[in-house]
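Enquirer: What follows is a predicted structure for the sequence shown.
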Amino acid sequence: MEAKIGTRRAFSRAILSGVSLVASLWVGVPSGLTQAPASDADDERERSFVEVLRREDPGSADHYVALRDARRQAIAALQKAQAQYSSGAGPELRPLVIRQLRDAQLQYAKSSLAFLDFLDARDRRTLARYQDEIGRITKVLEDNARVRAELERQLRHE
């Protein structure tokens, strides 16, 4: 009798663990994955961005395209795994489908982080250039203020 109770508890814990895992996977899935495909305007902005990158640094543009494509593939794999899970795989296949879903989610997270790291690094470089330019413009304004003060002083002494 105690063996049956222990088996039931173990089975119940296994089911609870599986349900928890599935729930955490669904919570962790980005909502943007259910959006419609990119519009023509989005595609044009993407092409323009890649062209700018290519003018700045062709290697950087190639790296961006590779990261973008890897992320798109990860999204497709995640959507496929979600569809397999949603199709109601039987109890025999459920552990396999859950594993595939988790693997797809991890790959999506890795590819998205690499993509964000690339964009963050580029934005930091851009920010540094802007800060340098702001410093130069500030110096020009300070020089102009000194020249203006000198010219106004000359006008008052005439």
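Expert: Done, it's in.

Enquirer: Show the subsequent helix or strand relative to the helix or strand bottoming out on mean pLDDT in the chain.
Expert: Ranking every helix and strand in the chain by mean pLDDT, DSSP states H and E puts helix 2-28 at the bottom, with a mean of 43. Downstream of helix 2-28, the next assigned helix or strand under DSSP states H and E is helix 40-56.

Enquirer: tell me which residues of that next one are tucked away?
Expert: 50, 53 (16 or more other Cβ atoms under 10 Å). For the C-beta atoms, the positions are set from N, CA and C on the backbone; glycine is no exception.

Enquirer: what is the mean pLDDT for whichever helix or strand comes after it?
Expert: Next in sequence after helix 40-56, counting helices and strands by DSSP H and E, comes helix 58-86. Averaged across helix 58-86, pLDDT comes to 94.

Enquirer: what is the orientation angle of the helix or strand that helix 58-86 is followed by with helix 58-86?
Expert: Next helix or strand after helix 58-86 toward the C-terminus (DSSP H and E): helix 94-156. Per axes from the mean of the first three to the mean of the last three Cα atoms, to 10 degrees, the angle that helix 94-156 makes with helix 58-86 is 140 degrees.

Enquirer: give me the number of residues near residue 155?
Expert: By the criterion of other Cβ atoms under 10 Å, residue 155 has 8 neighbours.

Enquirer: Check it and give its pLDDT.
Expert: Taking residue 155 on its own, its pLDDT is 93.

Enquirer: Distance of it relative to residue 62?
Expert: Distance from residue 155 to residue 62, counting by Cβ to Cβ, to the nearest Å: 59 Å.

Enquirer: Would you check how far apart residue 76 and residue 114 are?
Expert: Note on residue 76: its distance to residue 114, by Cβ to Cβ, is 17 Å.

Enquirer: Out of the two, name the residue with the larger neighbour count.
Expert: Neighbours per residue (other Cβ under 10 Å) separate residue 76 from residue 114, with residue 114 holding more: 16 against 13.

Enquirer: Now the more buried one: closest residue in space, sequence neighbours ignored.
Expert: Spatial nearest neighbour of residue 114, chain neighbours left out: residue 67 (5.5 Å); criterion: Cβ to Cβ, 6 or more residues apart in numbering.
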